[in-house]
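S.K.: Sequence first, predicted coordinates after that:
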Amino acid sequence: MGIIEDYHGFYDQSFGPAVTRTLDGMLVTANLRRCSAEEARGEGWDGKADGLVSLLNHAWNVYRTSQDA
């Protein structure tokens, strides 16, 4: 991408391996999965049955169709 990273002295390259290990461990712990087609559509949301993916996609759909957007 041709980006020159500049952290203004707040990041030391020696942190890289520890940060990578920590993030890798967090992804394993999170037990990621693909969202279902139904979740991705975000058509309505039931707080008792639906998860975060459905909620966020529903909120995005509401925002996109809002007259104020």
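M.R.: Sure thing, it's come through. Residues are numbered from 1 along each chain as shown.

S.K.: Now do residue 22 against residue 52, distance only.
M.R.: 22 Å (Cβ to Cβ, to the nearest Å). C-beta coordinates here come from the backbone N, C-alpha and C atoms, glycine included.

S.K.: An error on my part: the question was meant for residue 38.
M.R.: Separation of residue 38 from residue 52 (Cβ to Cβ) stands at 14 Å.

S.K.: outside of the lowest-mean-pLDDT helix or strand in the chain, which residues touch it?
M.R.: Lowest by mean pLDDT, DSSP states H and E among the helices and strands of the chain is helix 37-41, with a mean of 82. Here helix 37-41 makes contact (Cβ atoms under 8 Å, 6 or more residues apart in numbering) with 50-51, 53-54, 57.

S.K.: so what does whatever helix or strand comes next after that helix touch, helix or strand wise?
M.R.: Where DSSP states H and E defines the elements, the next helix or strand beyond helix 37-41 is helix 52-65. Counting contacts by 3 or more Cβ pairs under 8 Å, 6 or more residues apart in numbering; DSSP states H and E, helix 52-65 is packed against helix 37-41.

S.K.: So between residue 38 and residue 52, which is more surrounded?
M.R.: The residue with more neighbours, out of residue 38 and residue 52, is residue 38; 13 against 9, by other Cβ atoms under 10 Å.

S.K.: got a list of what the residue nearest to the spatial centre of the chain touches?
M.R.: Nearest to the mean C-alpha position of the chain, counting by Cα atoms, centre = their mean, stands residue 53 at 9.3 Å. If you count contacts by Cβ under 8 Å, 6+ apart, residue 53 has them with 35, 39-40.

S.K.: Let's verify the most far-flung residue of the chain relative to its centre: helix, strand, or coil?
M.R.: Each residue of the chain has a distance to the centre, and by Cα atoms, centre = their mean the biggest one is for residue 9: 27.3 Å. Recorded secondary structure, residue 9: coil (DSSP: H, G, I helix; E, B strand; the rest coil).

S.K.: For it, give its distance to residue 43.
M.R.: Counting by Cβ to Cβ, the separation of residue 9 from residue 43 is 48 Å.

S.K.: got it, and residue 33?
M.R.: 20 Å.
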